[in-house]
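Colleague: what would the 3D arrangement of this be:
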Amino acid sequence: VQHIGQADNGTMWFGGRKIYRYDKGIWTIFDQKNISAFRGRVIVSLTIATNGVLWVGTEMNEIISYDGKDWISQVVGEGGYRENWITSILIRQNGEICAITIEGMSCQNGVKWRHYPITIPDTVNRVHVKDAILTTTDEIWVPVDNGFLYHYDGNIWEHYEISSWICCVATSRDGNLWIFSHEGFGKMEANGNISYVPVPSLISNYITTIRAVNDGTIWIGTGGGYQIVRYVNGAFVTMDEKIIHNLEDEKASLSLDNFPFNHVHYIFQSSDG
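Modeller: Residues are numbered from 1 along each chain as shown. I've put the predicted structure just below:
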């Protein structure tokens with residue numbers, strides 16, 4: 001599973017090698033290999049519009065919509081940058097659909113796609129864009145792994161050099177942007193200032209995704225099997241309430257044998273909390 005979403009009626013959707021719908025205790029599986037609208041085979045991203053329409057993106061530069069009856073596919077502006085995985089699909093408040101790839105962002109509000117390319121230096125080498133976020137103020141932030149952070153407010157597409165490497169970003173309800181980079185775990189305030197918190201070496205090389213939830217807690221998913229971690233009141237805390245320090249001997253207490261997690265691709269908070 002690469003992505004998770006929820007419709008306004010509470011239905012949960014999961015995308016990966018197949019598409020899974022969980023509705024009132026019933027699971028339904030959609031295999032894209034058996035749906036003619038699909039060119040791609042892997043669901044890399046998904047979102048659900050306010051009208052209940054499911055949108056999914058694949059590794060073949062396409063997005064597909066599903067209204068409960070018909071699957072409709074469209075190509076998002078032909079690319080040519082080796083790969084063009086649709087890593088995120090975001091729908092802004094005015095209905096504008098934005099698809100993010102390693103080339104940049106393409107947005108559609110009507111028929112024509114408008115392309116906002118990644119134009120930072122050294123993009124002759126492969127850059128990686130894993131996930132993008134939409135804030136409560138209807139702005140889009142796109143982290144690029146070579147240290148640049150792109151921002152779109154509906155009009156201007158601009159970028160900032162934040163670090164030499166950025167893994168992922170999250171936005172909290174107070175409007176702050178949280179960034180995980182080589183400098184540590186950073187909070188960017190509205191004025192652009194970033195204050196960093198050092199990350200324990202035990203998890204610093206393994207963080208794959210971060211997500212801010214309603215109570216202000218930041219949830220952190222890892223790829224090293226050290227479980228899901230929360231950032232609470234200035235401390236990094238495991239799910240069994242252990243505070244992580246910079247001690248190598250703590251690895252034993254956080255071994256894979258103790259927890260059911262391995263590589264965490266995505267974290268999502270549903271409407272019931």
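Colleague: how about stretch 39-49: buried residues?
Modeller: Neighbour counts using 16 or more other CB atoms under 10 Å place Gly40, Val42, Ile43, Val44, Ser45, Leu46, Thr47, Ile48, Ala49 of stretch 39-49 among the buried residues. (Glycine included, C-beta is placed from N, CA and C.)
Colleague: could those residues go into TSV alongside pLDDT and distance to Trp219?
Modeller: Formatted as TSV, the buried residues of stretch 39-49 follow (pLDDT from 0 to 100; distance: CB to CB, whole Å):
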residue	pLDDT	distance to Trp219
Gly40	87	29
Val42	90	24
Ile43	92	22
Val44	91	21
Ser45	94	19
Leu46	95	19
Thr47	96	19
Ile48	96	21
Ala49	95	25
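Colleague: farthest pair in the residues you listed?
Modeller: Farthest-apart pair in those is Val42 and Ala49; separation 21.7 Å (CB to CB).
Colleague: the strand or helix carrying Val142 pairs with which strands, and in what direction?
Modeller: Val142 is part of strand 140-144 when elements are defined by DSSP states H and E. If you go by DSSP bridges, strand 140-144 pairs up with strand 133-134 (antiparallel), strand 148-152 (antiparallel).
Colleague: how distant is that strand from the center of its chain?
Modeller: 10 Å (CA atoms, centre = their mean, to the nearest Å).
Colleague: what's in contact with that strand?
Modeller: With CB atoms under 8 Å, 6 or more residues apart in numbering as the test, strand 140-144 has contacts from 88, 90, 92, 98, 100, 105, 118, 120, 127-135, 149-152, 159, 166-169, 171, 177, 179.
Colleague: quick one on the thing from earlier: between the strands paired with strand 140-144, which one is nearest to Gly184?
Modeller: The nearest among those, by CB to CB, is strand 148-152 at 15.2 Å.
Colleague: quick one: average pLDDT of that closest one?
Modeller: The predicted model assigns strand 148-152 a mean pLDDT of 93.
Colleague: which helix or strand lies directly C-terminal to it?
Modeller: Counting by DSSP H and E, what follows strand 148-152 is strand 157-161.
Colleague: which parts of that following strand are buried?
Modeller: In strand 157-161, counting by 16+ other CB under 10 Å, buried: Trp157.
Colleague: quick one: the residue nearest to the spatial centre of the chain from Ile118, how far?
Modeller: What sits nearest the mean C-alpha location of the chain, by CA atoms, centre = their mean, is Asp131, with 3.3 Å. Applying CB to CB, to the nearest Å, the value for Asp131 to Ile118 is 15 Å.
Colleague: next: Cys107.
Modeller: 14 Å.
Colleague: identify the residues contacting stretch 56-66?
Modeller: Applying CB under 8 Å, 6+ apart, the contact partners of stretch 56-66 are 15, 19, 32, 37-46, 53-55, 71-79, 83-89, 97, 99, 101.
Colleague: gap between the two ends of that stretch?
Modeller: Terminal residues of stretch 56-66 are spaced 9 Å apart (CA to CA, to the nearest Å).
Colleague: report the mean confidence score over it.
Modeller: 91.
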